[in-house]
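K.L.:
Could you look at this predicted model? Sequence included:
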Amino acid sequence: MKYVMLLMNGARLGIAAQGVGVSEAEVARHARFTAGFNPADHAAYMRQ
């Protein structure tokens, strides 16, 4: 039982790290998008 708890704890940390990576990627994508903002690009982005 103790081994299973250690595995679950390690998995939780890995999932949290992946979540941070995904959010950082989305922030970078948003920054690139808003740097050259124009309404036509915004409409295309919203259709994705």
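P.N.:
Yep, that arrived. On a predicted model such as this, the values are computed, not experimentally measured, just so you know.

K.L.:
what number of residues lie near residue 22?
P.N.:
When neighbours are defined as other C-beta atoms under 10 Å, residue 22 has 10 of them. In short, each C-beta sits where N, CA and C put it, glycine included.

K.L.:
which stretch of helix or strand covers it?
P.N.:
Taking DSSP states H and E as the definition, one finds residue 22 inside helix 2-35.

K.L.:
Please compute how far that helix lies from its chain's middle.
P.N.:
7 Å (C-alpha atoms, centre = their mean, to the nearest Å).

K.L.:
and that helix, what does it pack onto?
P.N.:
On a contact count with 3 or more C-beta pairs under 8 Å, 6 or more residues apart in numbering; DSSP states H and E, helix 2-35 meets no helix or strand.

K.L.:
So for the chain, the centremost residue is which one?
P.N.:
residue 22 (2.0 Å; C-alpha atoms, centre = their mean).

K.L.:
Quickly note the distance from that one to residue 44.
P.N.:
For residue 22, the distance to residue 44 equals 22 Å [C-beta to C-beta, to the nearest Å].

K.L.:
per-residue confidence at residue 37?
P.N.:
pLDDT for residue 37: 63.

K.L.:
cool, the one 5 residues further on as well?
P.N.:
As predicted, residue 42 sits at a pLDDT of 65.

K.L.:
can you check residue 18 too?
P.N.:
Residue 18 is given a pLDDT of 89.

K.L.:
let's have the chain start at 681 instead
P.N.:
Will do, 681 is the new start, and the previous item becomes residue 698.

K.L.:
Since that was my last question, I'll sign off now.
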